[in-house]
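> Can you look at this prediction? I've put the sequence above it.
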Amino acid sequence: MTDIDFMWDSFLTLLSGVPLTLELAITSILAGSALALALSLLAVTGGAMGRSIAGAYVFVFRGSPLLVQMFLIYYGLGQFRHGLQDLGLWWFFREPYWCAVLALTLNTAAYCSEIFRGGLRAVSSQEIEAARACGMSGVLLFRRIILPIAIRHALPAYGNEIILMLKATALASVITIMEVTGLAGKLIADSFRAFEIFVVAGAIYLAINFVVTRILMLVEFWLSPHMRMRLQS
């Protein structure tokens, strides 16, 4: 079999792992973003205690490798099977998929909470006062003014974190999940042709990230009225 034929067959095989890769990434990003928003609000509005709790969380999960976190959750907590069974949680921790989702979620939440906190801090007091002068307050003020502006400020850094999480799903292969990298490892074990297979896997990740970056650019454009006005004028 020629290299082209082999790479095409490898591409078709690895392509079957893309849905699982995207599922891992999307689930982790959504859950991690929700947790990150709660942590950032705790850090901004929770006083000294809130800042301490959020800071401790960020220190632990941002300061330790994601691979170590994944091993601790999947292999480490597996040693406490009976305790987890008593708590009714063993169904969750016995599945490598959910362990990978949990590790990715906890890790990205630490990074995103700092990104969101910076976005919230970037909302100027003048903008808040102007909204209050229009009669906004409480949840309405947060939903209509503070959150959209904070997201616009945080979006470039948040987009980078989304791309990093897409690539981080490759680590799920170490706990037996057959996403793109896991399937690549299996193909290499069968064929001993690592170069061609990893070239194909890298191309798949590049294609996914190309689409994601274009989506993020459209979202940033939609959240920036001044950019749309400049384009129309």
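It's in.
> low-confidence ranges in this structure?
1-2, 225-233 (pLDDT under 70).
> 80 instead, please
Filtered on pLDDT under 80, the chain yields the residue ranges 1-2, 137-139, 221-233.
> who touches the residue nearest in space to the middle of it in this structure?
The centroid of the chain falls nearest to I29 when counting by C-alpha atoms, centre = their mean (3.5 Å). By C-beta atoms under 8 Å, 6 or more residues apart in numbering, I29 lies in contact with T108, I162, M165. To be clear about C-beta, it is placed using only N, CA and C from the backbone, and glycine gets the same treatment.
> Neighbour-wise, give me the winner out of those.
Neighbour counts for the contacts of I29 (other C-beta atoms under 10 Å) peak at T108, which has 26 neighbours.
> hey, where'd the helices end up in this protein?
For the chain, helices defined by DSSP state H occupy the ranges 3-15, 18-45, 47-63, 66-71, 81-86, 90-93, 96-121, 125-133, 138-141, 147-168, 180-191, 194-222, 225-232.
> Of all those, which one is nearest V174?
helix 66-71 (6.9 Å; C-beta to C-beta).
> returning to what we had before: which stretch among the helices of the chain is buried most, on average?
Mean neighbour counts were compared across those using mean count of other C-beta atoms under 10 Å; the top stretch is helix 96-121, at a mean of 22.
> Output the contacting helices and strands for it.
helix 18-45, helix 47-63, helix 66-71, helix 90-93, helix 147-168 (3 or more C-beta pairs under 8 Å, 6 or more residues apart in numbering; DSSP states H and E).
> Redo those as a markdown table? Include distance to R214.
A markdown table is the format used below for these (distance: least, C-beta to C-beta, whole Å):
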| stretch | distance to R214 |
| --- | --- |
| helix 18-45 | 15 |
| helix 47-63 | 28 |
| helix 66-71 | 26 |
| helix 90-93 | 35 |
| helix 147-168 | 11 |
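> And those: which comes nearest E196?
helix 18-45 (18.2 Å).
> Could you tell me the angle between the closest one and helix 147-168?
Relative orientation of helix 18-45 and helix 147-168, computed by axes from the mean of the first three to the mean of the last three C-alpha atoms, to 10 degrees: 140 degrees.
> Which residue ranges make up each domain of this protein?
Following automatic domain parsing, one gets these domains for the chain: 1-17+178-233, 18-176.
> ok, I128 to L15 distance?
As judged by C-beta to C-beta, to the nearest Å, I128 and L15 stand 48 Å apart.
> sorry, back to before: could you export the helices of the chain as JSON lines, including distance to V174?
Formatted as JSON lines, the helices of the chain follow (distance: least, C-beta to C-beta, whole Å):
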{"stretch": "helix 3-15", "distance to V174": "17"}
{"stretch": "helix 18-45", "distance to V174": "13"}
{"stretch": "helix 47-63", "distance to V174": "18"}
{"stretch": "helix 66-71", "distance to V174": "7"}
{"stretch": "helix 81-86", "distance to V174": "20"}
{"stretch": "helix 90-93", "distance to V174": "16"}
{"stretch": "helix 96-121", "distance to V174": "9"}
{"stretch": "helix 125-133", "distance to V174": "46"}
{"stretch": "helix 138-141", "distance to V174": "43"}
{"stretch": "helix 147-168", "distance to V174": "12"}
{"stretch": "helix 180-191", "distance to V174": "9"}
{"stretch": "helix 194-222", "distance to V174": "15"}
{"stretch": "helix 225-232", "distance to V174": "42"}
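> Identify the residues contacting G119.
With C-beta under 8 Å, 6+ apart, G119 has these contacts: S40, I149, A150, I151, R152, H153, A154.
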